[in-house]
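Participant: This is a predicted model, with the sequence first.
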Amino acid sequence: MKLYKNAIILIVILGLLTGAYLFVNNNKRPKEGTGGSNEIIRIFDLYTDNMVEMTIENYDGTFVFERATEKVDDKETKYWKLVSPDNLRVSRDTLNSIAINFSSLVANKIVEEEAQDLSIYGLDNPVTVTIKMDDGSVYSIQIGDETPTGSGYYAKEKDSNKVYTISSYTGGKIKVSKKDIREKQLFKEEKDDIKYFSLERNGQQVFSSSKTEEDTWVMTYPIKGNTYYETVVTMVDAVINTSVIDFVEENPSDFSKYGLDNPRYVFEYQSSKGTTRLLLGNEKVKGKEIYAKLENNNEVYTISMDSFGFIDKPLKEIVEVFAYIVNINDVNKIEVEMDGQVTTSVLETNEEDRSKDKFYVNGKDASMEDSSGRQVFRKYYQALIGVTLSEVDPEGDPSGKEAEITFTYHLKKDPGIMKVEFIPKDDIYYYVVRNGEYSGILVNKKKFDEPDGVRDSYRKLMEAIENQGNDQSND
């Protein structure tokens, strides 16, 4: 009986403790609109999809936006479209952020129910954001100074003197300047739309290049020749993805203080939208930030230099120009004259199925694969077209001199034949001459002796052909 009574007592005590816990826990939960220290003070509770107009009034002026719709990939998307002023590119992401933070605006606390002096909160000259809904209702918030601790902002509704504090994050998203709402991405072009690209340095042209119909890049100045695709595309990417760090000054009276009266660097590109020139002047932060402007625009920005590591390098380090490069599928035959020998290769490639490729070297089958499954002839071919410039010498004169090495390509397309001659300049370099025209390129003689270079690849190819012949004899 005693055990039974003890059990009853324990159950009663447990019930009392549970009830007390629930009571305390429920009273700790924040309540909306009660005025206590833990309450949620909800200023606005709106749906962004129902917003139709936004007006921002700040120290720079008044900016009006309307909700618009566009179709992207057969899907309708809403965005904020600038109505006035009409000469400003704005950031859709920033405007969406303003709308989202406005829609669920919550205060940390009420500072004053009926403030008499708004200036002590910076609310005598606030940033005002007004939203109009699709039912005609209008909501407006004004953001003043940061609180002394920096943990929030003072705010109030436009037609009320009740002062709140709101979170620093929310206040920072809504209290925006003209700079904040501007689009910081300078260009809209896609890299595939760029057809011409060039760089000037200290008033001198460094190089220019153009994209061919085959989607390859060729250098047009100071030398002519195919370039390695990725090297040019990397530079194009760096320019068209340029973002503004700071909008410095509109229509300055003196561009020289930014070094833009006589720019250090000029990038030019051409696309379906026309020609664009980006001018770079003095560095604001050495190696990090530089003053810039567009040639047809008088506004000065600063941009990051992080992507422009190539900007002061010599040409040979910026672009990798080939002595001559052509797709293997466009070649019927190659004749290589080197070291007193003539090696003739016949190519019968199959673009759909490489296993059906047939290669013949001096009449012998050279279609074999190495131990890793790669076609040995293709490695030899890569060595031939992989000879790249070592120096640029547009003023060089190879006339009257004999070639030491010659590659003659018989092509399936124009010009039909391409004869590439390597003519000694001195003990170190070859001039490169294509179909009798000097290219302006110098190639170091050592390139032909590098591992997997022309001579090494030729030796491996001939060994593979010989080994194949021995295997067939043994069979």
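Facilitator: Great, that's in hand.

Participant: Please, where are all the strands along the stretch 351-475 of the chain?
Facilitator: Secondary structure of the stretch 351-475 of the chain (DSSP state E, counting those that start in this stretch): strands at 358-361, 364-365, 391-392, 405-411, 417-424, 429-434, 437-444.

Participant: Dump the ones you listed to JSON lines, plus mean neighbour count, distance to Ile120 and mean pLDDT.
Facilitator: The C-beta positions use only the backbone N, C-alpha and C, and glycine is treated the same way. JSON lines is the format used below for the strands of the stretch 351-475 of the chain (neighbours: other CB atoms under 10 Å; distance: least, CB to CB, whole Å; pLDDT from 0 to 100):
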{"stretch": "strand 358-361", "mean neighbour count": "19", "distance to Ile120": "86", "mean pLDDT": "96"}
{"stretch": "strand 364-365", "mean neighbour count": "13", "distance to Ile120": "93", "mean pLDDT": "94"}
{"stretch": "strand 391-392", "mean neighbour count": "18", "distance to Ile120": "68", "mean pLDDT": "90"}
{"stretch": "strand 405-411", "mean neighbour count": "19", "distance to Ile120": "81", "mean pLDDT": "97"}
{"stretch": "strand 417-424", "mean neighbour count": "19", "distance to Ile120": "80", "mean pLDDT": "97"}
{"stretch": "strand 429-434", "mean neighbour count": "22", "distance to Ile120": "76", "mean pLDDT": "96"}
{"stretch": "strand 437-444", "mean neighbour count": "21", "distance to Ile120": "72", "mean pLDDT": "93"}
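
Participant: CSV for these, including distance to Ser371?
Facilitator: Shown next, in CSV, are these (distance: least, CB to CB, whole Å):
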stretch, distance to Ser371
strand 358-361, 18
strand 364-365, 18
strand 391-392, 37
strand 405-411, 28
strand 417-424, 31
strand 429-434, 33
strand 437-444, 31
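
Participant: and Asp73, how many neighbours?
Facilitator: 5 (other CB atoms under 10 Å).

Participant: for Lys178, same thing?
Facilitator: By the criterion of other CB under 10 Å, Lys178 has 17 neighbours.

Participant: Same check on Thr276?
Facilitator: Look at Thr276: counted by other CB under 10 Å, it has 19 neighbours.

Participant: okay but it is in contact with Lys188, surely?
Facilitator: No. The criterion here is CB atoms under 8 Å, and Thr276 misses it with Lys188 at 10.4 Å.

Participant: circling back: any idea which of the strands of the stretch 351-475 of the chain gets closest to Ala155?
Facilitator: Ala155 sits nearest to strand 391-392 of all the strands of the stretch 351-475 of the chain, at 62.2 Å, using CB to CB.

Participant: Pull the contacting residues for Leu118.
Facilitator: Leu118 sits next to 124, 144, 156, 161, 163 when contact means CB atoms under 8 Å, 6 or more residues apart in numbering.

Participant: pLDDT value on the third one, please?
Facilitator: What the model reports for Lys156 is a pLDDT of 97.

Participant: do Lys2 as well
Facilitator: Looking at Lys2, its pLDDT is 45.

Participant: now Leu347: how far from Phe448?
Facilitator: As judged by CB to CB, to the nearest Å, Leu347 and Phe448 stand 21 Å apart.

Participant: what is the nearest residue to Asp193 once chain neighbours are set aside paired to in the beta sheet?
Facilitator: Distances taken as CB to CB, 6 or more residues apart in numbering put Ser271 closest to Asp193, at 4.5 Å, once the chain neighbours are dropped. Beta bridges link Ser271 to Gly274 when assigned by DSSP bridges.

Participant: Ser271: how many residues sit nearby?
Facilitator: Residues near Ser271, counting by other CB under 10 Å, number 19.

Participant: Kindly reformat the contacts of Leu118 as TSV containing distance to Glu463.
Facilitator: Shown next, in TSV, are these (distance: CB to CB, whole Å):
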residue	distance to Glu463
Asp124	88
Gly144	82
Lys156	86
Asn161	92
Val163	87
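
Participant: which among the residues you listed end up buried?
Facilitator: 144, 156, 163 (16 or more other CB atoms under 10 Å).

Participant: Confirm that the first one sits in a helix.
Facilitator: What it means is Gly144. No. For Gly144, which was evaluated using DSSP: H, G, I helix; E, B strand; the rest coil, the result is strand, with no helix membership.

Participant: Now it. Nearest residue, chain neighbours left out?
Facilitator: Gly144 sits nearest to Gly122 (CB to CB, 6+ apart), 3.3 Å away.

Participant: Isn't that neighbour up against Thr147?
Facilitator: No. Applying CB under 8 Å, one finds Gly122 not in contact with Thr147, separated by 10.1 Å.

Participant: so what sits against both of the two?
Facilitator: When contacts are counted by CB under 8 Å, 6+ apart, Gly122 and Thr147 have Tyr154 as shared neighbours.

Participant: picking that back up, looking at the strands of the stretch 351-475 of the chain, which is closest to Ser256?
Facilitator: Per CB to CB, nearest to Ser256 of the strands of the stretch 351-475 of the chain: strand 391-392, 32.3 Å.
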